[in-house]
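1. coords please:
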Amino acid sequence: MNTNLHNGSNVTLRRRIPKHESSHNKNLKILLHEENSRQRKKEEKGGATAAQEARDITASLRRTKAMMQQELHRVSHVSETISQDGIKLKMTEEEHLNMKGGIRGAKGSLSKLKLKEKEEAIIFWASVVFFYMVVLYVLWTRIRIPFFLW
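-> Next comes the predicted model:
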């Protein structure tokens with residue numbers, strides 16, 4: 001928690017601790033606790049031998065090495081996951097671009113079909129009108145309908 005003075009008022013800034021930092025802090029507390037317990041044991045015994053201290057330090061270093069190896073493994077795993085996700089994103093982008101071209105082609109085809117549909121509707125109605133005109137002409141010339149005076 002940081003406290004800064006800004007325009008005469010106290011402003012408190014809080015930082016969110018990510019999960020990997022909290023596990024790191026737990027490991028650090030464990031190591032520090034072990035160090036403090038070692039110092040207390042040394043004071044209680046009054047005269048711990050140098051060999052025992054060396055063994056304790058060696059054990060502590062081995063634990064530290066094991067924790068560092070675990071963290072290194074975790075970081076390499078995260079790195080691999082990020083690279084795999086990057087590859088998947090590139091593949092998705094390529095598919096999207098390919099589909100975009102297909103959509104453009106489909107849109108053009110659809111507009112052409114609509115134009116053809118309008119053209120066919122005009123031709124159909126023109127042929128219906130022509131048919132009825134021919135029928136009326138035939139009826140007028142053959143039957144001589146009186147109400148058609150030309």
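
2. Need the single longest helix in the chain, by residues.
-> Assignment by DSSP state H gives helix 50-143 as the longest helix of the chain.

3. Below-threshold pLDDT in this structure: ranges please.
-> 1-22, 24, 31-48, 145-150 (pLDDT under 70).

4. repeat that with 50
-> 1-14, 17 (pLDDT under 50).

5. Could you report the neighbour count for residue 23?
-> For residue 23, the neighbour count with other C-beta atoms under 10 Å is 14. Bear in mind the C-beta positions are built from the backbone N, C-alpha and C, glycine included.

6. Please report how far it lies from residue 130.
-> As judged by C-beta to C-beta, to the nearest Å, residue 23 and residue 130 stand 87 Å apart.

7. got it, and residue 99?
-> In this view, residue 99 and residue 130 are 46 Å apart by C-beta to C-beta.

8. Then residue 115?
-> For residue 115, the distance to residue 130 (C-beta to C-beta) stands at 23 Å.
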